[in-house]
Structure formats: C-alpha cells, structure tokens
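Q: only geometry, no sequence info:
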C-alpha cells in the first residue's frame with residue numbers, strides 16, 4: 001500500500017478505472033459474441049441486426065481508449081465478411 005496520500009488516491013483511482021475498463025471490454029466482447037453466434041446461426045436478418053448493435057459498441061470502446069482502432073477495425077471487418085458470406089448463400 002502507498003505511504004503518500006496522493007499515491008494512495010492514485011491507487012484507488014487506478015482500481016476504479018481498471019474495473020470500469022473491464023466492464024466496458026466485457027460489454028464489447030459480449031456484443032461481438034452475440035453477432036458471431038447470430039452469423040453462425042445462418043439467419044441473415046438476425047445476424048445483420050446483431051452486427052448493427054455490435055458495431056457502435058466496438059466504436060465506443062475505441063473512443064474511450066479501451067481498444068486500439070486497428071483492432072476494432074479488424075473485428076468489424078471479420079464480422080462483416082462473415083455476414084456477407086451467409087448472405088451470399
């Protein structure tokens with residue numbers, strides 16, 4: 001534990017931020033998993049809806065600095081590619 005008052009406060013803040021970031025990251029991952037599950041289910045309409053819900057979640061995490069923009073772009077691209085594959089069938 002920190003001996004200096006300001007260091008103790010910073011440790012408390014860091015823990016709060018860590019927990020908040022973990023919750024946000026979980027929310028993003030859950031949205032991505034729902035979209036992936038809908039895509040694997042084969043229903044194009046449900047998959048489109050799930051993807052439209054996941055994309056703003058992913059973009060919001062980029063804005064908050066939780067994930068890097070390239071990682072977000074990669075996830076969105078892969079989900080879109082999978083969606084297009086089931087629509088092509």
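A: Yep, it's here. Owing to the predicted nature of the structure, the values given are computational and were not obtained by experimental measurement.

Q: look up the closest residue to residue 53, ignoring the ones flanking it.
A: Nearest residue to residue 53, sequence neighbours excluded (Cβ to Cβ, 6 or more residues apart in numbering): residue 31, at 6.0 Å. In this view, the C-beta of every residue, glycine as well, is placed from N, C-alpha and C.

Q: and the spatially most central residue of the chain, how far is that from residue 89?
A: Nearest to the mean C-alpha position of the chain, by Cα atoms, centre = their mean, lies residue 28 at 2.4 Å. The spacing between residue 28 and residue 89, counted by Cβ to Cβ, to the nearest Å, is 28 Å.

Q: do the same with residue 75
A: Residue 75 is 22 Å from residue 89, where distance means Cβ to Cβ.

Q: looking at these two, which has the bigger crowd around it?
A: residue 75 (20 against 6; other Cβ atoms under 10 Å).

Q: element containing that one, please.
A: Residue 75 belongs to helix 69-88 when assigned by DSSP states H and E.

Q: from the chain's centre, how far out does that helix sit?
A: Relative to the centre of its chain, helix 69-88 is centred 13 Å away, using Cα atoms, centre = their mean, to the nearest Å.

Q: so which bits of that helix are buried?
A: Neighbour-count burial for helix 69-88 flags 72, 75-76, 79, 82-83, 86 (criterion: 16 or more other Cβ atoms under 10 Å).

Q: other residues contacting it?
A: 32, 35-36, 39, 42, 44, 47-48, 51, 54-55, 58-59, 61-62 (Cβ atoms under 8 Å, 6 or more residues apart in numbering).

Q: among those residues, who's most crowded?
A: Counting by other Cβ under 10 Å, top hit in the contacts of helix 69-88: residue 35 with 28 neighbours.

Q: helix, strand, or coil at residue 66?
A: Following DSSP: H, G, I helix; E, B strand; the rest coil, the label given to residue 66 is coil.
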